[in-house]
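> Fold the following for me, if possible:
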Amino acid sequence: MKKEKHLVGIFDSGVGGLSVLREILASLPAQPVVYFADQAHVPYGSRQIEEVRDFTRSITRYLLEQGAELIVVACNTASVAALHTLREEFAPIPFVGMEPAVKPAVEQSRSGKVGVMATEATFHTTMYASVVERFAQGVTLYENPCSGLVAQVEKGDLEGPVTRRILEQVLLPMVEKGVDTIVMGCTHYPFVIPLIKNIVGDDVRVIDPAPAIARQVRRVLEAHDLLNTGADTSVPRFVTSADPAQFRKLLRVLLSRNHRVKGVTWQEGKVIESV
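Now for the predicted structure:
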């Protein structure tokens, strides 16, 4: 395999991190990327913290073996569970992770009532508690784990009746309580923003953290002298621990892209490339 210059590794439990990848590809067209979807273990949000940490360690090792020089943890659950650990164990490799965008939501809210859509695992972490303590004083947060929504996005069902019903059950009570800003606290959820806006109307702001993450990736690449400039010469690579054919279909649905997808398997806690 030809070594790509300053490769960025990106991973998520499934397709959610593609919402981050989409922004990175748009803003950093000359930067080669490899995306790892751990669909064998999706969703991370219902798993134990230490289990998620173990997954992220093995995925990080795999991405480093591929030549990655920066790792993007494009999963809120994995970020709150493991980002600190990964930075310690794999120093000096730089990492960029996700953080619920409570701060910009609070700054932009007029009513002082903010909805947060995230997984149970994200809500029950010290990182989320710290974000709330630092930035949400004097503001009322309405939190909902949106049970079942990750599974719908993993199916590529972005606007069907089941997906709409899940979102209506989450969003309509928030709107009734006066929420005027909603935070996407899971990277899967931005893919249903058009349906969310259809449900809540134009008066409710929806915050997708992906553009801010792409800007942070640029800053970190620049700081470590890893930023590629020039024309778009790279083709993103995709890896899944589940069915490559199904993931390829989802790429067409979610990103309107058609790429080869490599399959890998888990063996005794390690990522092994399929023959």
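
> so where's the stretch 151-275 of the chain shaky on pLDDT?
Within the stretch 151-275 of the chain, the stretches falling below the threshold (pLDDT under 70) are 231-233, 275.

> State the distance from residue 100 to residue 201.
Residue 100 sits 23 Å away from residue 201, taking Cβ to Cβ, to the nearest Å as the criterion. Where C-beta positions appear, they are placed from N, C-alpha and C, glycine not excepted.

> Check residue 144 too.
Going from residue 144 to residue 201 by Cβ to Cβ gives 18 Å.

> try residue 164
As judged by Cβ to Cβ, residue 164 and residue 201 stand 15 Å apart.

> Could you do residue 16 as well?
If you go by Cβ to Cβ, the gap between residue 16 and residue 201 works out to 25 Å.

> Break the protein down into its structural domains.
Per automatic domain parsing, the domain ranges recorded for the chain read 7-98+211-273, 102-208.

> In JSON lines, list the ones you listed along with mean neighbour count.
Putting the domains of the chain into JSON lines (neighbours: other Cβ atoms under 10 Å) gives the following:
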{"stretch": "domain 7-98+211-273", "mean neighbour count": "19"}
{"stretch": "domain 102-208", "mean neighbour count": "18"}
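
> what sits against the residue nearest to residue 18 when sequence neighbours are not counted?
Take residue 18 and drop its neighbours on the chain: the residue closest to it by Cβ to Cβ, 6 or more residues apart in numbering is residue 254, 5.4 Å away. Applying Cβ atoms under 8 Å, 6 or more residues apart in numbering to residue 254 gives the contacts 15, 18, 156, 158, 191.

> can you rerun that using 10 Å?
15, 16, 18, 19, 21, 22, 153, 156, 158, 188, 191 (Cβ atoms under 10 Å, 6 or more residues apart in numbering).

> Look up how far residue 60 lies from the residue lying closest to the fourth one once chain neighbours are set aside.
Sequence neighbours aside, residue 190 is the residue nearest to residue 19 in space, at 4.2 Å (criterion: Cβ to Cβ, 6+ apart). For residue 190, the distance to residue 60 under the criterion Cβ to Cβ works out to 24 Å.

> so where do the helices sit in this protein?
Listed in chain order, the helices of the chain (DSSP state H) span residues 18-27, 49-65, 76-89, 102-108, 120-123, 126-135, 149-155, 161-176, 193-200, 210-223, 244-255.

> want to throw the ones you listed into JSON lines with distance to residue 38?
Formatted as JSON lines, the helices of the chain follow (distance: least, Cβ to Cβ, whole Å):
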{"stretch": "helix 18-27", "distance to residue 38": "13"}
{"stretch": "helix 49-65", "distance to residue 38": "6"}
{"stretch": "helix 76-89", "distance to residue 38": "9"}
{"stretch": "helix 102-108", "distance to residue 38": "26"}
{"stretch": "helix 120-123", "distance to residue 38": "14"}
{"stretch": "helix 126-135", "distance to residue 38": "20"}
{"stretch": "helix 149-155", "distance to residue 38": "12"}
{"stretch": "helix 161-176", "distance to residue 38": "22"}
{"stretch": "helix 193-200", "distance to residue 38": "24"}
{"stretch": "helix 210-223", "distance to residue 38": "19"}
{"stretch": "helix 244-255", "distance to residue 38": "11"}
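
> Could you point out which of those sits nearest residue 267?
Smallest distance to residue 267 across the helices of the chain (Cβ to Cβ): 10.2 Å, for helix 49-65.

> which helices and strands sit right next to that closest one?
Applying 3 or more Cβ pairs under 10 Å, 6 or more residues apart in numbering; DSSP states H and E, one finds that helix 49-65 makes contact with strand 7-12, strand 33-37, strand 68-73, helix 76-89, strand 237-240, strand 261-267, strand 270-273.

> pLDDT on that helix, on average?
Helix 49-65 carries an average pLDDT of 96.

> okay, the angle between it and helix 76-89?
Calculated by axes from the mean of the first three to the mean of the last three Cα atoms, to 10 degrees, helix 49-65 forms an angle of 60 degrees with helix 76-89.

> can you give me how far helix 49-65 is from the chain middle?
Centroid separation between helix 49-65 and its chain, computed with Cα atoms, centre = their mean, to the nearest Å, is 15 Å.

> what do you get for stretch 153-160?
The offset between the C-alpha centroid of stretch 153-160 and the centroid of the whole chain comes to 16 Å, using Cα atoms, centre = their mean.

> Before I go, just wanted to say thanks for your time.
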